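Peer 1: Sharing a model that was predicted from the sequence below.
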There are 2 protein chains.
Amino acid sequence: MFTKSESPQQNAVRKGAATIARSTIGKIRGTYDQLSRTEKKVAQLALDNPGVVSEMTIKELSSATGVSTATISRFVKRMDYANYREFTMALAHMAIEDTPQVSSFPELDEGDSLSTIANKTFRYTIHSLEATNEALSEHELARAVLKLIHAQSVTFFGLGGSSIAALDGYHKFLRTSLNVAFYPDYDIQLMQAAKLGKDDCAIIISHSGRNHETLNIVNELNNNGVTVIAITSYSGSPLAQAADVSFLSLTDEVNYRSEGMYSLISQLAILDSLFMMTVLRISSRTDQTLTKVRDVIEQTRHEL
Amino acid sequence: MFTKSESPQQNAVRKGAATIARSTIGKIRGTYDQLSRTEKKVAQLALDNPGVVSEMTIKELSSATGVSTATISRFVKRMDYANYREFTMALAHMAIEDTPQVSSFPELDEGDSLSTIANKTFRYTIHSLEATNEALSEHELARAVLKLIHAQSVTFFGLGGSSIAALDGYHKFLRTSLNVAFYPDYDIQLMQAAKLGKDDCAIIISHSGRNHETLNIVNELNNNGVTVIAITSYSGSPLAQAADVSFLSLTDEVNYRSEGMYSLISQLAILDSLFMMTVLRISSRTDQTLTKVRDVIEQTRHEL
DNA sequence: TTGAAAAGTGAAACTTTTTTACATATAATA
DNA sequence: TATTATATGTAAAAAAGTTTCACTTTTCAA
């Protein structure tokens, strides 16, 4: 709580045995009875609107209360503050402590101010990431990384909104020594799926996990014995069921308008994790590869 | 009561308990690049010891940093505070909010277990998002949304890694009533830039903000009077300077391997925010558009 | 009651702090 | 290199805060 022991001149001002270190509210409330009529006006306003008063100058407070600046100045000393500045500071602190952070997840509202909308959006996003992170299992991660490292090639699949995640995965893994591919078009994705074999690995991303086209691709991959790593939001989805390894992007959606929005970022974070793990695991195996990877990264580092 | 509504720029900066237009850290960090040598000294000290600095008078801070009081006074105005008093107040708040945070950010290590790597990746990501969120200013958001809503067309630009963010933005805004476009190829982006005019709006994404090709596009856009909204990681970058409105994706990168990785997600989150704001603002203007947008979203909801 | 003495108060003088104006230096630009 | 724009410190002005002092009210013993 707020003892003002930081300020050196403090001790000089401190008087009387009565005043032990005390919170601002306590200090004012405790002394309230002993205050004079005018001083009470000041104390009252300060207690009622600490936040507002904390931003006032002594003159403003003076005219707001009808009490002279002189009296206010003396008042704050009586309350054991070194000066007016310190008093307002304490009020500001008090105002903050009094506003407990309610970290509920309120729905976005049309009446929201712009920064509120932004804040809520970020909060949701962060929340999704936390949930996604918690759902990751070491075991699944290990299997995925193992498959990736030993794969002859890694192809990323994703349609519609999920093509963005697939593209991102492709971009990232391009920096590694792995042999990666991505095709934006569905028909080509399907054709490529047919060409892969049991030494290859596929990473498929789909929010719902039940999109028809996506399932066609998975089917094709399964038939060819390709290792399938899935990233989806629903563990019960056909995609998750058909995959060798699957990761969940959990979103806890509240607002239907946002559907898929937060899951994309969670998908990317999963890909980031896979990327980092792959890089670190590959590099610890072959120093040669390591330096090669580093070179590549170094090159791309300052771009774009 | 006595709010200091006399000063006009005040309202933009004014922070209600919950709706902080922009946090102090974000404000200082976001502007850090643009500060002069002397100003950086002040900013540094303030960031390092907000609690201590918050209790200093301007003179004390002056002699502590070796910078004249005049410069400090001007510095705080540049940071958008009404006066020095308000600045110290904000620092005091920040000092409180910051203290419970002990979360260190350990570097990723090759010896880390897989789940540790994943956890760290998620932690970094979340941290970047928090920093990015704090750096958003209500004022810039408002300007961006206004431009977007009234634009004849909105084109997304982004090269290399940033093309993913641009593509994502395009995908999202496709769901709105806005007239949007995106072209993956650089040459086509450049040609399209030449075709836009002063009623159009462009959203350009670039991590470094100093990529040569990107700047060519910006140049073209500026010449044609196109409104440019930039998303970049450096406030001092040529892109940020040339843009009408710019947003910062702050990443606090620790590991060179991750460069750009976390910023992508922050960029997406900024786009998400812009998207939500635009949808909500458009919808509150025309009910007709609202239902139309809802229909579209409803349609796309269960896909992919 | 009444008349010191004590306590409270505001106006104004005074001190300190902060801001602004101005001159100079430095960097950027053409 | 000349010219303009940008920073910076000094010093003067303005604003904020404190103290002094004269006046009023309250307290309380005679």
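Peer 2: Arrived safely.
Peer 1: neighbours of A:L274, just the number please.
Peer 2: Other residues near A:L274 come to 25 when the count uses other CB atoms under 10 Å in any protein chain shown. Every C-beta, even on glycine, is put in place using the N, C-alpha and C of the backbone.
Peer 1: Confirm that A:I204 sits in a helix.
Peer 2: No: assessed with DSSP: H, G, I helix; E, B strand; the rest coil, A:I204 is strand; it does not lie in a helix.
Peer 1: and it, how many neighbours does it have?
Peer 2: Around A:I204 there are 28 residues (other CB under 10 Å).
Peer 1: Look up how far A:Q189 lies from it.
Peer 2: Using CB to CB, to the nearest Å, one obtains 10 Å as the distance from A:I204 to A:Q189.
Peer 1: packing partners for the host helix or strand of A:M89?
Peer 2: Per DSSP states H and E: A:M89 is located in helix A:84-98. Helices and strands touching helix A:84-98, by 3 or more CB pairs under 8 Å, 6 or more residues apart in numbering or on different chains; DSSP states H and E, are helix A:24-32, helix A:50-54, helix A:69-78, helix B:84-98.
Peer 1: weakest of those helices by average pLDDT?
Peer 2: Lowest mean pLDDT within those: helix A:24-32, a mean of 61.
Peer 1: can I assume A:I117 is in contact with B:L274?
Peer 2: No: A:I117 is beyond contact range of B:L274, at 9.5 Å (criterion: CB atoms under 8 Å).
Peer 1: Show me the shaky parts of the stretch 151-300 of chain A.
Peer 2: A:252-259, A:283-300 (pLDDT under 70).
Peer 1: Can you name the residues that contact the residue sitting nearest the centre point of chain A?
Peer 2: With the centre of chain A defined as its mean C-alpha position, the nearest residue by CA atoms, centre = their mean is A:I126, 3.2 Å away. If you count contacts by CB atoms under 8 Å, 6 or more residues apart in numbering or on different chains, A:I126 has them with B:126, B:129-130.
Peer 1: Any buried residues in the helix ranked longest in chain A, and which?
Peer 2: Secondary structure assigned by DSSP state H gives helix A:261-285 as the longest helix of chain A. For helix A:261-285, a neighbour-count test (16 or more other CB atoms under 10 Å in any protein chain shown) marks A:261-283 as buried.
Peer 1: cool, stretch A:40-53 as well?
Peer 2: Using 16+ other CB under 10 Å as the burial criterion, the residues of stretch A:40-53 that qualify are A:40-43, A:45-47, A:49-53.
Peer 1: Those residues into TSV, with extra columns for distance to chain B?
Peer 2: Output for the buried residues of stretch A:40-53, formatted as TSV (distance: CB to the nearest CB, whole Å):
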residue	distance to chain B
A:K40	18
A:K41	14
A:V42	13
A:A43	16
A:L45	9
A:A46	12
A:L47	14
A:N49	7
A:P50	11
A:G51	7
A:V52	6
A:V53	9
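Peer 1: can you tell me which of those residues lies nearest to A:G161?
Peer 2: A:G51 (43.0 Å; CB to CB).
Peer 1: Roughly how far does that closest one sit from DNA strand C?
Peer 2: 20 Å (CB to the nearest atom of the strand, to the nearest Å).
Peer 1: do A:T88 as well
Peer 2: Here the criterion is CB to the nearest atom of the strand. By it, A:T88 lies 11 Å from DNA strand C.
Peer 1: Could you do A:L274 as well?
Peer 2: For A:L274, the distance to DNA strand C - CB to the nearest atom of the strand - is 43 Å.
Peer 1: again with A:L190
Peer 2: Taking CB to the nearest atom of the strand, one finds A:L190 at 53 Å from DNA strand C.
Peer 1: From B:L215, how far out is that residue?
Peer 2: 39 Å.
Peer 1: cool, and A:G169?
Peer 2: 28 Å.
Peer 1: ok so, going back, so for A:I204 and A:Q189, which residues contact both of them?
Peer 2: Joint contacts of A:I204 and A:Q189 (CB under 8 Å, 6+ apart) are A:157, A:217.
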